[in-house]
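Enquirer: need a structure here:
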Amino acid sequence: MQVKALNIPAVTIELPEQPDMATYESATGAALNALKAQHFDRAAFGDIFLEDLRAYREQQMAGYGFKTIFPLWQKDSKLLLQEFISRGFQAIVVCVDANKLDASFAGRLIDESFIADLPEGVDPCGENGEYHTFCFDGPIFKTPIPFRIGERIYRAYDAPGDAGKAEFWFCDILAP
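Expert: Coordinates of the predicted model:
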């Protein structure tokens with residue numbers, strides 16, 4: 001629905017619920033090869049300051065002949081989020097890291113009160129995986145995406161290596 005509302009072409013990569021890196025990289029590689037055959041040669045990412053993630057993306061993309069673009073790199077996270085809001089974009093939080101934010105953040109609208117309520121140490125843009133969002137409206141959308149909020153669900157997964165459990169609160173987003 002986002003792609004339709006934005007009127008842009010898109011390619012999706014289907015992955016299992018908990019893919020290992022080999023599965024992820026294989027699926028991504030197949031998609032990149034298909035895009036390369038269509039004469040695409042650049043990939044843009046919204047990373048802001050995670051050096052290791054940027055290096056990984058640059059290495060992965062270079063292996064397929066893609067140049068990387070990072071338009072938000074080293075920008076101030078709080079200012080980026082305030083600009084997102086002031087330009088009229090709307091997003092709702094659909095997932096929070098339960099070790100960083102409590103369940104009440106799942107299902108919240110991204111607005112100035114959201115920013116004010118973030119605990120110290122949580123990046124305003126969720127750059128460290130503290131939260132994830134669903135953007136449903138903004139000045140580049142032809143129409144807002146209709147939805148209703150479902151229930152909040154807690155899930156725990158085995159984290160990679162010896163990291164223990166990864167714990168999350170999810171907020172279901174449902175068709176109206």
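Enquirer: so what's the most centrally placed residue in the chain bridging to?
Expert: Central residue of the chain (C-alpha atoms, centre = their mean): residue 132, 5.5 Å from the mean position. On the basis of DSSP bridges, residue 132 is bridged to residue 95.
Enquirer: tell me the contacts of it?
Expert: 93, 94, 95, 96, 126 (C-beta atoms under 8 Å, 6 or more residues apart in numbering). Every residue, glycine included, has its C-beta placed from N, CA and C.
Enquirer: which of those residues lies closest to residue 155?
Expert: residue 95 (9.4 Å; C-beta to C-beta).
Enquirer: surely residue 165 touches residue 99?
Expert: No - Residue 165 lies out of contact with residue 99 (C-beta atoms under 8 Å); the separation is 9.1 Å.
Enquirer: kindly indicate which of the contacts of residue 132 lies nearest residue 84.
Expert: Looking across those and measuring by C-beta to C-beta, the closest to residue 84 is residue 126, at 11.8 Å.
Enquirer: ok, now which ones touch the closest one?
Expert: Counted by C-beta under 8 Å, 6+ apart, residue 126 has contacts 132, 133.
Enquirer: what's the burial count for the closest residue in space to residue 137 that isn't next to it in sequence?
Expert: Closest residue in space to residue 137, ignoring its immediate chain neighbours: residue 144 at 3.9 Å, by C-beta to C-beta, 6 or more residues apart in numbering. Residues lying near residue 144 (other C-beta atoms under 10 Å) number 12.
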